[in-house]
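# task: produce atomic coordinates for the following.
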Amino acid sequence: MLELLKEQMLPAFIGIAATFASWLFVKFFFSPRLKISDKISKKEVNGRAAYRVKIKNCGYRMCSDIIIYAKLEVKGLEPNLKNNFDSFFIDVSFGGIYPALKRGRSILLHIYKTTEYDKSYYSPAFNDAIENASSIEELLELTDDSKLTVYVIATDNYSGVRKLYVSGEYRHKSIEPKNFCIDSVKIKSE
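Below you'll find the model as predicted:
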């Protein structure tokens, strides 16, 4: 019985431990590490409100091929379908693609309200809400369950490992008319 453990089970356990150790090594040293702000900064630019989310590279190396999406979800706009969500991807700065982000650097992502989309995919109530809203804030105020989520896909320059980051849910309360701190993703407390 002891021979069976030595000859068959011990190599299997060593293989499992080595696989787990190499996975940990890749996870902590060869994958991108990004932080996304938990608040949205609102700033007036050219007489227009600019909504900004900060993304910072906290990893050991540069990230490349950064793809960014912002999705607005509104629940219950149709009176007879109160539990349904209308999801809508919102325009972001850089066209949603950022070529590279060096270690310790940040991106200030601007989120824009858009009216150029295929209206046939959405409910009439949602189309009316998009047309009538003048800002991201008004879109987030449509219902209590309205939320904005930012998705970031980044690639580690050295290993090629890709990782998806999902921000928290931004609600109307998440918007603050302040700037971000220079060295972090936090809003200044001014």
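
# CA atoms for contacts and neighbours, from now on please.
Will do.

# from what I see, Ser184 and Lys56 are in contact.
Yes: between Ser184 and Lys56 there is a contact at 7.5 Å, judged by CA atoms under 8 Å.

# between the two, who's got more neighbours?
Of the pair Ser184 and Lys56, Lys56 is the one with more neighbours under other CA atoms under 10 Å, namely 21 against 18.

# which residues touch the more buried one?
By CA atoms under 8 Å, 6 or more residues apart in numbering, the residues touching Lys56 are Leu34, Lys35, Ile36, Gly104, Arg105, Ser106, Ile107, Ser184, Val185.

# and Tyr170, by the same measure?
Asp38, Lys39, Ile40, Lys147, Leu148, Thr149.

# just to revisit the earlier point, which one of the contacts of Lys56 is nearest to Glu44?
Closest approach between the contacts of Lys56 and Glu44, by CA to CA: Ile107, at 18.2 Å.

# could you pull up phi and psi at the closest residue to the closest one other than its chain neighbours?
Nearest non-adjacent residue to Ile107, counting by CA to CA, 6 or more residues apart in numbering: Ile55, 5.1 Å away. Dihedral pair for Ile55: phi -120, psi 130, per degrees, to the nearest 10.

# now do the one 4 residues further on
Geometry field for Gly59 lists phi and psi as phi -80, psi -180, criterion degrees, to the nearest 10.

# tell me the pLDDT at it?
Per-residue confidence at Gly59 stands at 86 (pLDDT).

# ditto for Leu5
Value listed for Leu5 in the pLDDT field: 66.

# and if you look at the one 10 residues further on?
Gly15 carries a pLDDT value of 90.

# sorry, back to before: which strand residues bridge the residue nearest to Ile107?
Ile36, Ile107 (DSSP bridges).

# quick one on the thing from earlier: what about the contacts of Tyr170, which one has the most neighbours?
Ile40 (27 neighbours).

# distance check, the nearest residue to that one once chain neighbours are set aside against Lys82.
Counting by CA to CA, 6+ apart, Ile175 is the residue found nearest to Ile40 once chain neighbours are left out, at 4.6 Å. As for Ile175, its distance to Lys82 is 25 Å (criterion: CA to CA, to the nearest Å).
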